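**Q** Predicted coordinates and the sequence they were generated for:
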Amino acid sequence: MEIENRKLKIPRCSAFAFVQEALEASGIRTDRDIRVCMGKLDVLQRGLPEFPDSARGKAETLFRWLWKDRPHRYMRGGSFRLNEVISSQSDPQSRSAGNCLGLTLIFNSLAKRVGLDVAAIKMELAFGTGPHVLSLVYAAEGPLQVENILPEGFDYRAHGKETQVIWDDKALVADIYNSRGTESFLKGDMETALSCYEKALSLNPGNEKARLNMGLTLAQLGREKEAQKAFNCEL
């Protein structure tokens, strides 16, 4: 689906605690550690400048503030975990903050806290390199694309011809599990990888990458029949 209609409405998840779910997906398990991360996010929020009234103005102010004095926030291959990105963004000595997923997570987390309606855009091929995710802000004039990996990426319009899929909160959190699964797979920890892919699919059954990854993991575990079912979308 190409996003050509700037008035396209954003899908929303009701009763889904996005930030907490994203932290848990990132590997944070205890209530204490979640509170620590939430506290760091609170500190970041208190440091935000005064916002204009419009959704566009709020989104642009937040975007510029995140990049202020941090010209190297994005790092290809950087962290996708929300807790690590929050810590890096909070540390003035840290050069980078995260990869495209990580930067999208922190932008969306803070955007929700200041009352913005946000989602994400998933692209299988962006910048000629591969899969990519960015933020989508719903404003009065229509959805605004926010390219979090570029310092001048607010209201980014250069992705016009690529295939784009709008992700709601659950689908975005599912991508954290998929990324963790791939990380575990590459380390040879197939059981953890499988658990992560299953959680990704429970949140976003349409995530074909996670389904393929689950099939490959099942095959590595010698569970050939289940692997084939995964490949055939029967799991």
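**A** Received the coordinates, thanks.

**Q** Mean pLDDT per helix and strand in this structure: which one sits at the bottom?
**A** helix 224-231 (a mean of 91; mean pLDDT, DSSP states H and E).

**Q** For Phe185, grab the count of nearby residues.
**A** 20 (other Cβ atoms under 10 Å). For glycine as for every other residue, the C-beta is placed from the backbone atoms N, C-alpha and C.

**Q** what helix or strand is it on?
**A** helix 169-187 (DSSP states H and E).

**Q** which sections of this protein are below the confidence cut-off?
**A** Within the chain, the segments meeting pLDDT under 70 span 1-14, 161-162, 235.

**Q** buried sites along the helix holding Phe185?
**A** 169, 171-185 (16 or more other Cβ atoms under 10 Å).

**Q** which helices and strands does that helix pack with?
**A** helix 18-25, helix 100-113, strand 117-126, helix 190-203, helix 208-220 (3 or more Cβ pairs under 8 Å, 6 or more residues apart in numbering; DSSP states H and E).

**Q** what packs against the last one?
**A** Read it as helix 208-220. Looks like helix 208-220 contacts helix 169-187, helix 190-203, helix 224-231 (3+ Cβ pairs under 8 Å, 6+ apart).

**Q** got it, and the shortest one?
**A** Helix 18-25 sits against helix 31-46, helix 82-90, helix 100-113, helix 169-187, with contacts defined as 3+ Cβ pairs under 8 Å, 6+ apart.

**Q** Then the third one?
**A** Counting contacts by 3+ Cβ pairs under 8 Å, 6+ apart, strand 117-126 packs against helix 100-113, strand 130-139, strand 165-167, helix 169-187.
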